[in-house]
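Chemist: Compute the structure for the input listed below.
(2 chains, ligands or ions: 3)
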Amino acid sequence: MTNISIKSASEPEQTDWKRYFSFSTDHKVIGVQYLVTAFIFFLFGGLFAMIIRAELLTPQLDVVNRSLYNGLFTMHGTIMIFLWIFPANVGLANYLVPLMIGARETAFPVLNAIAFWLIPVVGILLLFSFFLPSGTAQAGWWSYPPVSIQNPSGHLINGEFIWLLAVTISGVSSIMGGVNLVTTIVRMRAPGMTFFRMPVYVWTTLSAQLLQLFCLPALTGAAILLLFDLSLGTDFFSPFKQGDPMIYQHLFWFYSHPAVYVMALPAFGVFSEVIPAFARKPLFGYKTVAVSSLLISGISTLVWAHHMFASATPNWMRMLFMATSMLVAVPTGIKVFAWTATVWRGKLHFKTPMLFALGGVAMFLFAGITGVMLAAVPFDIHVNNTHFVVGHFHYVVFNTVSMAIYAGIYYWFPKITGRMYSEGWGKLHFWLTFIGANLNFFPMHPLGLQGMVRRIASYDPQYTGWNIVASLGAFLLGMSTLPFIANMVSSWLRGRKAPNNPWNATGLEWTTSSPPPLENFEEIPTVTLEPYSYGESHRLTTDPSSI
Amino acid sequence: MRTFNITLLAIFVGVIILTSHAMGQQAYHWLPIAAAAEAEPVGHLFSFLVTLGTIVFLSVMGVLVYSILFYRASDTSDAPAIRGNLKLEITWTVIPILLVIWIAGYSYNIYQRMNILGSLPLVHLHLLESPAYAETGSSNMQPTEQIEVIAKQWSWSFHYPSQNVTSTELHIRVNRPVHLMLKSEDVVHGFYVPNFRIKQDIVPNQTIAFKFTPNRIGQYQLHDSQFSGTYFALMEANVFVDSPERYNQWLAQAATRPSVPAINPAKSEHSQPPKTPLRSNWHTVPPAQPPVVNK
Ligand code: HEM
Ligand SMILES: [Cu+2]
Ligand SMILES: [Cu+2]
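Modeler: Residues are numbered from 1 along each chain as shown, chains lettered A, B, ... in the order given. Ligands and ions are numbered 1, 2, ... in the order given. Predicted coordinates for the structure are as follows:
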């Protein structure tokens, strides 16, 4: 053990950028690989969103033709979910979890590396499908049959085929990643790191990854059966033979509702780390917040049919799923209140991570309220499949989760790179993002209330006004990534050297050097304290001049 | 200082209550003009949800914004180490539980009142299902006509069996329950008229019984609400809520017209695609034969 850590502390290994392009089994390298890859795909997904919004700037069809529009929103949704949010979250988790629980590595480093390398494969497959003669998949990221199995080109290798293959590979990758993270958290904690001494970020990662393991097989199975229907002419889901398309919807949402929490729980984790650090207070109600993560996971496996209220779902099922869906508001509400109480009477420092975290919490509050509205069946029947829903879920996936990922990247940037980012650029990035996102996604709510259906390339002129606002917001949002990229690249190359604990934060990750050595800790720490011991006398203040 | 704080809090609470009430009243105007009996309870539900939502949003945001304004750090020391407060935590667990029960109960009531969904053929749960026609049939003692709604890629057609009339327009009588038999010939489509606040997916190879009562004379738009392929956005139809006289007149006239294939936007766009700067030449499902209608 000791000889390894001596070797790892040697400098050249740390500054060698080439290892980020290699099949590395170091969880920190894999974490960065995930984050950077995800961000590149985020730019593609964002580019597609800009084209979609350019089309929706006017009521007529004047930028793309219909099949391309359908391909673009299908790829936008698919890329954003399977190639941005999931991998970005897994990247952060890979980097942080071993450091936070005091482990030298993750449980299955090789498995972990393979799981990562499947992600670029998925991405290249999907982007490549634009060049197929039959074009890319055009059935939306739900890929409901029978639309998804129509295959007008007659080619065996078609967009939908590639899509199903990509989703299956992505599922395999996620299951591998999930096995690795869950095992790591359960088995590799440092001495003294009991469950109730784990940071909330570790709790949320555990809850999210358990969901992956439990629910993903439903989607992967559904994708494989659909692939059979599409390519081999089986009839699991084709209504005019023996099949039932509703079964697909159930399988799909049995995974894809919990998937929302696979995306959102780590975001809650980031808020729970960042807010205490910049409020200089312990996380209020730590145990309740930690346990509510598991509750969210549990309840979210029981609510999938709320995506099918307007489908051929019988009345009793509509009522049952209305009740379970509303229940999710309780544990998520607990979290929002806990963050609010943490800020109360704190000593707030408005650094970039804190801005993104507070902005994210505020936006999540809004998303949660519209979410409860959607759970109310009679109201959902009106707005189901309209832009109201699109507005709601973008408040979750962009205004909450993507903002949290940004908060996390800024917060741990000094740890990951050993350098400080530029606050000025960071704040500019925050304000552009915050304003752009609200201009972009708020107008979708009134549009949906007025009845503007989603997934349409042309629309009734009565909807023009709010669509213009939304599109301008989207273009602003697209621009907002420029200061982020500039900041990340220049700070990583030339930023001020970061101390080990620039925020004077609690958590094991801040006790090791920045960036951490190959096996994370010179000596495995022993944990004796509850997390978030801000303001408590026994806390050793490593660097009081910082923050 | 204490009285100052209490006054401040009282003002805050007052502002929240007034604003939330006002927002709840405003909420009716965010929806399109109501034109069916079912739209009214949905409006009430939405107004109720907006009122409660505003209370929650403003309360939490109030605390957050207050903290952001008044608790800025003055030095680098830590704040008081408050770890929790059992009473507070129980309170904010119990309040959402009660709210959620209230909202669910209210929504349940309204859904029962709307009673839009009839039988779903593949699901036989008669004990739990409300009987499809029994209740309306007995109340006005007059069998209401069933209209067949046929959705296909990408057109709507409406068949009136008694007159053997087929049309691309849906004509219905004001203040009379409408019984629709929803059918699809290919993929999943969705029946959605925003002014009626009702929506129902149409699953191929199933007939879904659906009912509602229009109550405002006028012309409305039917949209396809479930993504159904390339020309999905073009799948719209006009809905006319007529007085009984106008309705009978229209139906009688339509019955005399010869059957011809309907004009179909998807078909025209398929044969004459618009010139857009970004274009794919991907294969698309050709539009189905337009319905033959008495037009
Ligand atoms: C970056 C700014 C973004 C913009 C401007 C944007 C815009 C849009 C638009 C206009 C649609 C089409 C709505 C429709 O016609 O149904 C859409 C759909 C969607 N977006 Fe985004 N979006 C953004 C970010 C994201 C992010 C970060 C996610 C993360 C998960 C995401 C996930 C989705 C999904 C799942 C769909 C549904 C696709 C489908 O209907 O099949 N979006 N977005
Ligand atoms: Cu859901
Ligand atoms: Cu349709």
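
Chemist: check contacts around residue A:385.
Modeler: Residues near residue A:385 by C-beta atoms under 8 Å, 6 or more residues apart in numbering or on different chains: A:310, A:453, A:454, A:455, B:190, B:192, B:199, B:225, B:226, B:227. Every C-beta, even on glycine, is put in place using the N, C-alpha and C of the backbone.

Chemist: Keep only those that also lie close to ligand 1.
Modeler: Restricting the contacts of residue A:385 to those within reach of ligand 1 (C-beta under 6 Å from any ligand atom) leaves A:454, A:455.

Chemist: Filter the contacts of residue A:385 down to just the ones in strands.
Modeler: Using DSSP state E, the subset of the contacts of residue A:385 located in strands is B:190, B:192, B:199.

Chemist: residue contacts, the second one?
Modeler: Going back to what we said before, that points to residue B:192. The contact partners of residue B:192, by C-beta under 8 Å, 6+ apart, come to A:385, A:451, A:453, B:198, B:199, B:222, B:223, B:224, B:225.

Chemist: hmm, try it at 7 Å
Modeler: Contacts for residue B:192 (C-beta atoms under 7 Å, 6 or more residues apart in numbering or on different chains) come out as A:453, B:199, B:222, B:223, B:225.

Chemist: quick one: contacts of stretch B:79-90?
Modeler: A:279-282, A:284-286, A:288, A:345-347, A:534-536.

Chemist: how about the nearest residue to residue A:443, chain neighbours excluded?
Modeler: Spatial nearest neighbour of residue A:443, chain neighbours left out: residue A:466 (3.8 Å); criterion: C-beta to C-beta, 6 or more residues apart in numbering or on different chains.

Chemist: tell me, how many neighbours does residue 66 end up with?
Modeler: In the absence of a named chain, chain A is used. For residue A:66, the neighbour count with other C-beta atoms under 10 Å in any protein chain shown is 29.

Chemist: if you could check chain B rather than the one you did, that'd help
Modeler: Residue B:66, neighbours per other C-beta under 10 Å, totals 14.

Chemist: for the chain, which spans come out with low pLDDT?
Modeler: No chain was given, so I picked chain A. Along chain A, the model assigns pLDDT under 70 to residues A:1-16, A:538-547.

Chemist: actually chain B
Modeler: Checking chain B against pLDDT under 70 turns up B:1, B:119-144, B:295.

Chemist: ranges for the helices of chain B?
Modeler: B:2-27, B:39-70, B:86-114, B:134-140, B:244-256, B:265-271 (DSSP state H).

Chemist: cool, and the stretch 151-300 of chain A?
Modeler: Counting by DSSP state H, counting those that start in this stretch, the stretch 151-300 of chain A has helices at residues A:159-187, A:200-232, A:245-279, A:286-300.

Chemist: looking at those helices, which is closest to ligand 3?
Modeler: The closest of these to ligand 3 is helix A:245-279. By C-beta to the ion, the value is 13.7 Å.

Chemist: by how many degrees do the closest one and helix A:286-300 diverge?
Modeler: Angle of helix A:245-279 versus helix A:286-300, following axes from the mean of the first three to the mean of the last three C-alpha atoms, to 10 degrees, is 170 degrees.

Chemist: How about helix A:245-279 and ligand 1, touching?
Modeler: No. Residues of helix A:245-279 contacting ligand 1 under C-beta under 6 Å from any ligand atom: none, with a closest distance of 6.8 Å.

Chemist: Can you tell me the number of residues neighbouring residue A:490?
Modeler: When neighbours are counted by other C-beta under 10 Å, residue A:490 registers 14.

Chemist: Would you mind listing the buried residues in the helix or strand hosting it?
Modeler: In the assignment (DSSP states H and E), residue A:490 maps to helix A:464-494. Using 16 or more other C-beta atoms under 10 Å in any protein chain shown as the test for burial, helix A:464-494 gives A:466-467, A:469-478, A:480-481, A:483-484, A:487-488, A:491.

Chemist: any idea how far residue A:164 lies from residue A:235?
Modeler: The gap separating residue A:164 from residue A:235 is 16 Å, by C-beta to C-beta, to the nearest Å.

Chemist: Between these two, point out the one with more neighbours.
Modeler: residue A:164 (24 against 16).

Chemist: how many neighbours does residue A:133 have?
Modeler: So residue A:133, with other C-beta under 10 Å, has 12 neighbours.

Chemist: which ones are touching it?
Modeler: A:153, A:155.

Chemist: Could you identify the most distant pair in the contacts of stretch B:79-90?
Modeler: Maximum pairwise distance among these (C-beta to C-beta): 23.2 Å, between A:288 and A:347.

Chemist: and residue B:28, how many neighbours does it have?
Modeler: Using other C-beta under 10 Å: residue B:28 sits among 14 other residues.

Chemist: Smallest distance to ligand 3 belongs to which residue of the stretch 151-295 of chain B?
Modeler: Nearest residue of the stretch 151-295 of chain B to ligand 3 (C-beta to the ion) works out as residue B:228 at 3.0 Å.

Chemist: swap that for the stretch 401-547 of chain A, please
Modeler: Using C-beta to the ion, the single residue of the stretch 401-547 of chain A nearest to ligand 3 is residue A:453, 10.2 Å away.

Chemist: how much space is there between that residue and residue B:278?
Modeler: Taking C-beta to C-beta, one finds residue A:453 at 22 Å from residue B:278.

Chemist: Those two: which has the busier surroundings?
Modeler: Comparing residue A:453 with residue B:278 by other C-beta under 10 Å, the one with more neighbours is residue A:453, at 27 against 13.

Chemist: Check the burial of residue 270 by counting its neighbours.
Modeler: Answering for chain A, as no chain was given. 29.

Chemist: look at chain B instead
Modeler: Residues contacting residue B:270 under the criterion other C-beta under 10 Å number 18.

Chemist: Look up phi and psi at the nearest residue to residue B:81 once chain neighbours are set aside.
Modeler: Nearest residue to residue B:81, sequence neighbours excluded (C-beta to C-beta, 6+ apart): residue A:535, at 3.5 Å. Reported as degrees, to the nearest 10, the phi and psi values for residue A:535 are phi 80, psi 0.

Chemist: What parts of the stretch 1-150 of chain B come near ligand 3?
Modeler: Counting by C-beta under 5 Å from the ion, no position of the stretch 1-150 of chain B is adjacent to ligand 3.

Chemist: Residue B:191: what's it in contact with?
Modeler: Taking C-beta under 7 Å, 6+ apart, we find residue B:191 in contact with B:149, B:182, B:199, B:200, B:202, B:210, B:222.

Chemist: Between the ones in strands among the contacts of residue A:385, which sits nearest chain A?
Modeler: residue B:199 (4.8 Å; C-beta to the nearest C-beta).

Chemist: pretty sure residue A:357 is touching residue A:273, no?
Modeler: No. Counting by C-beta atoms under 7 Å, residue A:357 sits too far from residue A:273 to count as a contact (8.7 Å).

Chemist: State the three-state secondary structure for the most centrally placed residue in chain A.
Modeler: With distances taken as C-alpha atoms, centre = their mean, the residue of chain A nearest its centroid is residue A:85 (3.1 Å). Recorded secondary structure, residue A:85: helix (DSSP: H, G, I helix; E, B strand; the rest coil).
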